[in-house]
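Q: Give me the fold of what follows.
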Amino acid sequence: MPDGTELRDAKKAFRAAARERRAAYHAAHGAGAGERLRDNVLRAIPLPPGGVVSGYLPIDDELDPLPLLRAAIDRGHAACVPVVQGRGQPLVFRDWTPEAPLVDGVFGVSVPAPSVPERVPDLLFVPLLGFDRKGFRMGYGAGFYDRTLAGLRARKTVLAVGIGYAGQEVTAVPVGLHDEALDWIVTDREAIRIGV
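A: All right, here's what the predicted structure looks like:
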C-alpha cells in the first residue's frame, strides 16, 4: 500500500482521468442508462422487504439513479438521498420522492429540505468516479461515503452498491486504510457481486 503522500497523489491523478473517462462515456452512452441500471439492479439484487433504499440526486455526468429510486418506491420501499452536513462528518439521509421539496445544500447540491424526515438506509446506492472488481470505488475525495458506511456497518447490516457506467471500470483503484469496499457494483451493462 502506498504511503500517505504517494496515495494522495495517485488518487488525485486517478480522479482527473476518471472524470474525463466518465464524461466521454456519458456523452456516448448516457441516453437511457438510468433505465438500464434500474433493470440490472432489479434483476440481480433483492431489495430488502420494506427496507429503506438510499440513492442520490445526480450531478454533472453521474449515472442517473432516479429511475431506480422510483421503482423502489413503486415496490413499497422508502427512498432517501444523502445530505452533506459538513466536512469530516458522515452523511445523513432524508426521505425522497419525485415531489419532495429541494433546497441548495452544501457544495450547491440539491437536497431535501431540512423539514423532510431523516432515515437510516438498509441499502445504499453509491455514486463513483471509478471502480474495480474487488469492490473498491473512487469518489470525489471528501470521504463522505467511506465515513458513513463505516458508521452504518458498525451499527447494522447494510448493503452498499456502487453504481456507475461500465466505462468507469479500471483494473485497480488506489485504496487506503479507510476506504470501504462495496458489496455490489451495478452498471448500465451488468451487475457485479463482490467476493463471490
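Q: rest of the way, CA atoms for contacts and neighbours
A: Will do.
Q: Mind listing what's buried along the longest helix seen in the chain?
A: Identified as the longest helix of the chain according to DSSP state H is helix 4-29. The neighbour-count criterion (16 or more other CA atoms under 10 Å) identifies 8, 11, 14-15, 18-19, 21-23, 25-26 as the buried residues of helix 4-29.
Q: Next, give phi and psi for the residue nearest the centre of the chain.
A: The centroid of the chain falls nearest to residue 126 when counting by CA atoms, centre = their mean (1.2 Å). The phi/psi pair for residue 126 (degrees, to the nearest 10) reads phi -110, psi 130.
Q: now the one 4 residues further on
A: When quoted as degrees, to the nearest 10, the phi and psi of residue 130 stand at phi -160, psi 160.
Q: Next, count neighbours for the nearest residue to it once chain neighbours are set aside.
A: With sequence-adjacent residues excluded and distances taken as CA to CA, 6 or more residues apart in numbering, residue 130 is closest to residue 168, at 4.8 Å. A count of neighbours around residue 168, defined by other CA atoms under 10 Å, yields 23.
Q: Could I get the pLDDT score of residue 168?
A: At residue 168, the model reports a pLDDT of 98.
Q: thinking again about what came up before, following the longest helix of the chain, which helix or strand comes up?
A: The element immediately downstream of helix 4-29 (helix or strand, assigned by DSSP states H and E) is helix 33-44.
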